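*Asks:* coords below, sequence missing:
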Ligand SMILES: Nc1ncnc2c1ncn2[C@@H]1O[C@H](COP(=O)(O)OP(=O)(O)OP(=O)(O)O)[C@@H](O)[C@H]1O
Ligand SMILES: [Mg+2]
């Protein structure tokens, strides 16, 4: 959960699948190219921030292990037992420093990315506008203005917020995955095994859910499109609808689409609402496993830093 | 916002259920760290493996209960929120359906569309978030605090110190960020406007070579939007790092002071672990709460816009009960004056005339002279400011709008067609019309030929706005739609403008037969269209400046002669 800006409506919905993904992707890259220096800096900072964030728990684990052993020694009455606050203080100071830098870099990354993303959006819009100027009039007669309008505004806006959020998120996720794996291996290979085993388990549970949610979300989007289309048509044709007494029929059609939208939306929202609880259930499961194994190993504390 | 939420009342049991379920889920989550502390202190430290197994089992049970509660909560919250969205959409759509054109002018069609679609979706989204978070945030906050204090009251001072720092920093960021979000919205609307104008006015722009100016306008709007978006993102970039920093620093502080407590024997190591978990929960709840503070005002704006629509009442009532069948095929204007709402000049002043069955009354006049305005008063799209209009001898205010309109075949100036087949569109005028009636209407409207040429003929699909038809084809379909009703009164608002002279003449000839027992009110630009009208009204600035036949007006009316001279050659006039 590294990015949590106030959720934008529709931001979480899976977009229609692009027909020519490669070509589209290449074009997008060509837009980012003029800004590659800035983008490289963003990536560098993102990696640093993530690395620091991952090393954090390891250091925190050290502090807690130190505490645990000290306290355990004290409890057992081992001579020279007790907590060594000098060492802990040092560890915690390092930890605090790490966190400060992690936050700082994460801020820098967002800060720089906002310029990159929005300037790209600006270029895109300029180019679309240039293109529109060149298109023959037939193009405009051939389709509703609303369609062209929404390309120009909403669709490009979506590209902007995706750039802002997902690009760095992607980098961060990869670094996090590798980093955590390395971290876990250095802490305990056995526990890593458990965690790695629980990963396919979560995929096993989450996979079908995600697939379904895709289906429902696209059905929701489709019905929303139909409903918006109907509303647009009836409102712009209001004069004619009234002149010919078509209100009842129009309401009937609206109700039918509205009901379908309700059903699709209900399912989509339900599915998206259960992903988090499922994840945390799996998390708790592996947690208990870890404490059982860790309990046997007598050094549990360090494993409890999720 | 509250008014909108009242629409949740049909779902009140579901909402209560969600509240209970979310509460259960939160409690389960709160319970887990305590169990975990138990495992460490009594299981791991003591090396008591069976104990670990037992408490581990409990942990699993509790988290399973939490997960089940969450699943049900998700189900019912989706049901309630989506139900609310559905009900609201239906309510707004029905309500807007009752509006006259006056209300459409007032709010704007585009805005009405957004309010019925986007704004409601926005509210729906926030309601679902609220249902899921509004209970869990306070429960986690208070529960977390209580449990943390019960673990170690003195250590809890750290939390008490950290909470205000977190809350204040989040609120500060939001305070700067929120107005910027509104600005983004404003700039986006601005860009929208420019693009829309560019699209609708594309012909004009190209005809007058205004591309460069329009490009500059567009670029300005685009730049402004990009700049304010960058600004808002830069401010919001603070949010996550600051939250993480405060949270992490609190944990560091807890470990340090917790260590001291443990060394004093005042606390056990497992309790410290649980304590850290509670700290995270509390902080997370605070973060959720702050997001609610952001989301709710934004949704409240949408809710307000929806309410405005719902509270708007049609400017005039539809409470007539008379039947409109006293003198069939007549139309009468008696001293009618009309102001558009808020206008200082009347769009029509003191209009009087009477038309009898079989007569054609033509309106001619320059652009903006009030022709469409006059015609729109008849089906009561607008209400005359003073004076009386009678259709079939009945004051249109004394019969229901439905009744009056059922007597009228209206062809608007801008041909509006709907998605569906050609047949659907013509049947718009009369839903139960037979194929023979369709054929007849189409052939009078001179539409038969091109319909037959289309693939599927009457079953051919028309795209949104009739974009796959030419202007003349659209006009003829919209004429056929009016003809099929066989009304007592025909209104053609400049409905032959896209037809060539030949088709125009053929159509008017075919119409003559069709309209023997009805009145025709016809707006025209071309003098050739009105030469054989029984009565021509010459309009200028909303005033009738001449009334009579073509010959009479040529003789006596300066305005009419000017129009005629500009269009016809001398011989044609004579
Ligand atoms: N919805 C409206 N709200 C306010 N004023 C309007 C509205 N529609 C038209 N007007 C004004 O009323 C006057 C008459 O307009 P109207 O549309 O009746 O002209 P018209 O004779 O039909 O012109 P045209 O030949 O271009 O169709 C114009 O000055 C116009 O600006
Ligand atoms: Mg007009």
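*Replies:* Arrived safely, thanks for sending. Computed from a predicted structure; not experimentally measured. Ligands and ions are numbered 1, 2, ... in the order given.
*Asks:* What is the subsequent helix or strand relative to the lowest-mean-pLDDT helix or strand in chain A?
*Replies:* Lowest on mean pLDDT, DSSP states H and E among the helices and strands of chain A sits helix A:145-150, with a mean of 68. For helix A:145-150, the following helix or strand on the C-terminal side (DSSP states H and E) is helix A:156-162.
*Asks:* What helices and strands are in contact with the helix or strand just after that following helix?
*Replies:* Per DSSP H and E, the first helix or strand lying C-terminal to helix A:156-162 is helix A:168-187. Under the contact criterion of 3 or more CB pairs under 8 Å, 6 or more residues apart in numbering or on different chains; DSSP states H and E, helix A:168-187 touches helix A:36-76, helix A:85-134, helix A:189-236. (C-beta placed from N, C-alpha, C; glycine too.)
*Asks:* Give me the helices and strands touching the second one, please.
*Replies:* Spelled out, that is helix A:85-134. helix A:21-32, helix A:36-76, helix A:156-162, helix A:168-187, helix B:156-200, helix B:211-236, helix B:239-263.
*Asks:* Okay, angle between that helix and helix B:239-263 too, please.
*Replies:* 170 degrees (axes from the mean of the first three to the mean of the last three CA atoms, to 10 degrees).
*Asks:* Tell me the residue of the stretch 201-350 of chain B that sits nearest ligand 1?
*Replies:* residue B:340 (3.5 Å; CB to the nearest ligand atom).
*Asks:* right, I mislabeled it, should have said chain A
*Replies:* residue A:239 (10.9 Å).
*Asks:* Wait, a helix at that residue?
*Replies:* Yes: when DSSP: H, G, I helix; E, B strand; the rest coil is applied, residue A:239 is found to be in a helix.
*Asks:* Any idea how many residues pack against the residue of the stretch 151-300 of chain A found nearest ligand 2?
*Replies:* In the stretch 151-300 of chain A, the residue that lies nearest ligand 2 is residue A:239 (12.2 Å; CB to the ion). Residues near residue A:239, counting by other CB atoms under 10 Å in any protein chain shown, number 19.
*Asks:* so what's it up against?
*Replies:* Listed by CB atoms under 8 Å, 6 or more residues apart in numbering or on different chains, the contact set of residue A:239 reads B:101, B:376, B:381, B:412, B:416.
*Asks:* Now do the phi/psi pair for the closest residue to the first one other than its chain neighbours.
*Replies:* This points to residue B:101. Of all residues not flanking residue B:101 in the chain, residue B:381 sits nearest, at 4.3 Å (CB to CB, 6 or more residues apart in numbering or on different chains). Here is the backbone geometry of residue B:381 (degrees, to the nearest 10): phi -70, psi -30.
*Asks:* all strands for the stretch 1-150 of chain B, in order.
*Replies:* Taking DSSP state E, counting those that start in this stretch, the stretch 1-150 of chain B contains no strands at all.
*Asks:* tell me which parts of it are close to ligand 1?
*Replies:* residue B:105 (CB under 6 Å from any ligand atom).
*Asks:* Which residue is it, in the stretch 1-150 of chain B, that comes closest to chain A?
*Replies:* residue B:74 (2.9 Å; CB to the nearest CB).
*Asks:* Name the nearest residue to that residue, sequence neighbours excluded.
*Replies:* residue A:273 (2.9 Å).
*Asks:* list the contacts for the one you found?
*Replies:* B:70, B:73-75, B:77-78, B:128, B:132 are the contacts of residue A:273 under CB under 8 Å, 6+ apart.
*Asks:* Check residue B:59 too.
*Replies:* A:284, A:287-288, B:32, B:35-36, B:39.
*Asks:* neighbour-wise, which of these leads?
*Replies:* Compared across the contacts of residue B:59, residue B:39 has the highest neighbour count, 29 neighbours, by other CB under 10 Å.
*Asks:* What score does residue A:16 have for pLDDT?
*Replies:* Reading off the confidence values, residue A:16 has pLDDT 42.
*Asks:* Equivalent analysis for residue B:253, please.
*Replies:* At residue B:253, pLDDT is 91.
*Asks:* I'd like the mean pLDDT over stretch B:390-408, please.
*Replies:* For stretch B:390-408, mean pLDDT rounds to 89.
*Asks:* Tabulate the helices and strands packed on helix A:85-134 (TSV), appending mean neighbour count.
*Replies:* Below are the helices and strands packed on helix A:85-134 laid out as TSV (neighbours: other CB atoms under 10 Å in any protein chain shown):
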stretch	mean neighbour count
helix A:21-32	11
helix A:36-76	19
helix A:156-162	18
helix A:168-187	16
helix B:156-200	17
helix B:211-236	18
helix B:239-263	21
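*Asks:* helix/strand/coil for the closest residue to ligand 2 within chain B?
*Replies:* At 3.0 Å from ligand 2, residue B:372 is the closest residue in chain B, using CB to the ion. Secondary structure assignment for residue B:372 (three-state DSSP): helix.
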